[in-house]
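Colleague: just need the structure, nothing else, for what follows:
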Amino acid sequence: MLTAFTEGLLLITFSELGDKTFFIAVILSIHHPRRLVFAGVVAALSAMTVLSVALGQVASLLPKDYIHYAKIVFFIAFGLKLIYDANKMAVSATEEVAEEAKEAVEKADLDNSQQKSVWSILLKSFLLTFIAEWGDRTQIATIALAASNNPIGVTLGAILGHAICAAIAVIGGRLIAGKISERQITFLGGFLFIIFGIVAAIEGK
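Modeller: Numbering: from 1, shown residues only. This is a model prediction of the structure:
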């Protein structure tokens, strides 16, 4: 369980920093109370984590050999893809991600221009984050981890990782958002995926 918790925590934390959902939390916290944005964002990411772990558990019904080798191939291949993407990424990639997040928030504000209640802020934070996270690399990583690790450990580690990133975004996001390099974070995430793939191969089934 501890290994699953650690893998979930590290992969999610390093993959989520500078991601679209990170900037959504940053932008929302500028216009709305931070505690409400944090609650809505973490609720969405927690729900996505539970859903991803459930999908991983369904995948775990496959033969153990298939799961073991698929996990190794997935992590190494995904890590190489992230490094390849980072290598091709422009220096302004972070600004592009931030702009996408800004557009998503502005669209939501237009749709709910008169709604500033507690529940409307919570709902907006939840929906924007949940939609942005769907199909993201952190969701795929969580599914892969849950397929071959303790589901409780993966769930707790992933949720804590998401909560850490959300806290950084709503508390200090405005100060550090301009200093985060999506390219560097992607490189780091790629190397981390490869390391976990190698560790999985060394540990065996």
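
Colleague: make it CA atoms for all contacts and neighbour counts henceforth
Modeller: OK.

Colleague: the nearest residue to residue 79 once chain neighbours are set aside and residue 137, how far apart?
Modeller: Counting by Cα to Cα, 6 or more residues apart in numbering, residue 190 is the residue found nearest to residue 79 once chain neighbours are left out, at 3.8 Å. Residue 190 sits 11 Å away from residue 137, going by Cα to Cα, to the nearest Å.

Colleague: looking at those two, which is more packed in?
Modeller: Neighbour tally, residue 190 and residue 137, criterion other Cα atoms under 10 Å: the higher count belongs to residue 190, 26 against 18.

Colleague: what's the helix or strand for the nearest residue to residue 80 once chain neighbours are set aside?
Modeller: Spatial nearest neighbour of residue 80, chain neighbours left out: residue 190 (6.1 Å); criterion: Cα to Cα, 6+ apart. Using DSSP states H and E, residue 190 maps to helix 182-203.

Colleague: what lies in contact with that helix?
Modeller: Identification of contacts with helix 182-203 by Cα atoms under 8 Å, 6 or more residues apart in numbering yields 7, 11, 14-15, 17-19, 68-69, 71-83, 85-87, 89-91, 93-94.

Colleague: ok, of these, which come out buried?
Modeller: By neighbour count, with 16 or more other Cα atoms under 10 Å, the contacts of helix 182-203 hold 7, 11, 14-15, 17-19, 68, 71-80, 82-83, 86, 94 as buried.

Colleague: among these, which ones are in strands?
Modeller: The subset of the buried ones among the contacts of helix 182-203 located in strands under the criterion DSSP state E is empty.

Colleague: among the residues you listed, name the ones in helices.
Modeller: Using DSSP state H to define helices, the subset of the buried ones among the contacts of helix 182-203 located there is 7, 11, 14-15, 68, 71-80, 82-83, 86, 94.

Colleague: if we can go back for a sec, what's the pLDDT at the residue nearest to residue 80?
Modeller: pLDDT for residue 190: 82.

Colleague: where in this structure is the helix or strand with the lowest mean pLDDT?
Modeller: helix 93-111 (a mean of 62; mean pLDDT, DSSP states H and E).

Colleague: which helices and strands does the strand or helix carrying residue 49 pack with?
Modeller: When elements are assigned from DSSP H and E, residue 49 belongs to helix 34-59. Applying 3 or more Cα pairs under 8 Å, 6 or more residues apart in numbering; DSSP states H and E, we find helix 34-59 packed against helix 20-31, helix 118-133, helix 137-148, helix 151-176.

Colleague: same list (those) but as TSV, adding distance to residue 45.
Modeller: Output for these, formatted as TSV (distance: least, Cα to Cα, whole Å):
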stretch	distance to residue 45
helix 20-31	9
helix 118-133	7
helix 137-148	9
helix 151-176	7
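
Colleague: next, format those as CSV and append mean pLDDT.
Modeller: Shown next, in CSV, are the helices and strands packed on helix 34-59 (pLDDT from 0 to 100):
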stretch, mean pLDDT
helix 20-31, 82
helix 118-133, 89
helix 137-148, 82
helix 151-176, 85
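
Colleague: output stretch 69-82 as CSV, nothing but the C-alphas.
Modeller: Once non-C-alpha atoms are left out, stretch 69-82 reads as follows in CSV (Å, rounded to 0.1, in the frame of the first residue of the first chain):
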residue,chain,number,x,y,z
TYR,A,69,4.0,-6.2,-18.9
ALA,A,70,1.4,-3.7,-20.1
LYS,A,71,2.3,-1.5,-17.1
ILE,A,72,6.0,-1.6,-17.9
VAL,A,73,5.3,-0.8,-21.6
PHE,A,74,2.8,1.9,-20.8
PHE,A,75,5.0,3.8,-18.3
ILE,A,76,8.2,3.6,-20.5
ALA,A,77,6.3,4.5,-23.7
PHE,A,78,4.3,7.2,-22.1
GLY,A,79,7.5,8.6,-20.5
LEU,A,80,9.2,8.7,-23.9
LYS,A,81,6.2,10.4,-25.4
LEU,A,82,6.3,13.1,-22.8
